[in-house]
Each structure stands twice: as C-alpha cells, then as structure tokens.
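>>> Next come a sequence and a model predicted from it.
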Amino acid sequence: MLGLLFDAIDSVESFLQVFVYIYSLLILAYIITSWVRMPYSVWLNRIQRFLYDVCDPYLRMWRRVLPNFGPLDLSPVVGVAALYVLLAVAINILDRLH
C-alpha cells in the first residue's frame with residue numbers, strides 16, 4: 001500500500017515539473033510572438049491567439065501587482081520565477097511525505 005502512495009507522490013512531482021517547464025516555454029513563446037510582427041496567416045493567428053488565451057490571464061495577475069515601468073513589462077519574469085518557487089515548495093512538501 002505504501003508503494004502505491006510513493007508512486008503517486010512521484011507521479012505528482014513529475015507532473016508538476018513538466019507542467020512548470022511547458023508553461024514557462026509557452027510564456028517564452030508568448031513573449032517572442034508579441035515582439036515579432038508576423039505576416040497574416042490563419043495558422044499563425046491561431047497560435048498567437050492560443051498563447052494569448054493561455055498566458056495572458058496568469059501574466060495579467062502579475063501586471064496588476066507590479067508597478068508600471070513604462071514600456072518594460074516584467075510580469076513574465078516575475079511570473080516564471082514565481083512558478084519555479086512554487087514548484088520548489090511543492091516538491092519540498094511532497095518529499096516530506098515520502
């Protein structure tokens with residue numbers, strides 16, 4: 001029975017690590033696509049819209065908290081750093097359950 005619990009904890013840790021890594025990559029892709037003006041294409045528009053729908057609600061939360069630095073937006077940096085801090089806390093808590 002304990003073996004199943006340990007396997008579940010390991011699975012949750014792996015899921016959290018992959019989730020944070022993929023979400024960080026999506027935020028990076030969101031930043032790059034917001035900087036570069038791409039030619040109009042239905043597929044590129046769909047990709048940009050997907051990245052906006054996935055990343056912007058999370059980044060908007062940080063934009064409300066952070067002060068305005070003019071054209072410089074630090075919300076992606078703070079958002080990714082917060083994800084990795086939360087990941088470290090969650091892994092620490094899950095490791096204590098082992």
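Cool, the structure landed.
>>> Quick check: chain neighbours aside, which residue is closest to Tyr84?
Nearest residue to Tyr84 in three dimensions, chain neighbours excluded: Val20, at 6.5 Å (CB to CB, 6 or more residues apart in numbering). The C-beta positions use only the backbone N, C-alpha and C, and glycine is treated the same way.
>>> And the contacts of stretch 11-24?
Tyr58, Val80, Leu83, Tyr84, Leu86, Leu87, Ala90, Ile91, Leu94, Asp95 (CB atoms under 8 Å, 6 or more residues apart in numbering).
>>> if you average pLDDT over the helix or strand containing Cys55, what comes out?
Assessed by DSSP states H and E, Cys55 sits inside helix 42-65. The average of the pLDDT scores along helix 42-65 is 93.
>>> Show me what counts as buried in the next helix-or-strand element following that helix.
Counting by DSSP H and E, the next helix or strand C-terminal to helix 42-65 is helix 75-97. Applying a neighbour-count criterion of 16 or more other CB atoms under 10 Å, one finds Ser75, Pro76, Val78, Gly79, Val80, Leu83, Leu87 buried in helix 75-97.
>>> Which other helices and strands does helix 75-97 contact?
If you count contacts as 3 or more CB pairs under 8 Å, 6 or more residues apart in numbering; DSSP states H and E, helix 75-97 packs onto helix 2-35, helix 42-65.
>>> quick revisit: name the nearest of the contacts of stretch 11-24 relative to Ile32.
Set against Ile32, the nearest of these by CB to CB is Val80 (13.8 Å).
>>> Give me the pLDDT value at the closest one.
On the pLDDT scale, Val80 gets 97.
>>> was I right about it contacting Ile27?
Yes - assessed by CB atoms under 8 Å, Val80 is found in contact with Ile27 at 5.9 Å.
>>> shared neighbours of the two, anything?
By CB under 8 Å, 6+ apart, no residue touches both Val80 and Ile27.
>>> picking that back up, and the helix holding Cys55, what does it pack onto?
By 3+ CB pairs under 8 Å, 6+ apart, helix 42-65 packs against helix 2-35, helix 75-97.
>>> any idea how far it is from the chain center?
11 Å (CA atoms, centre = their mean, to the nearest Å).
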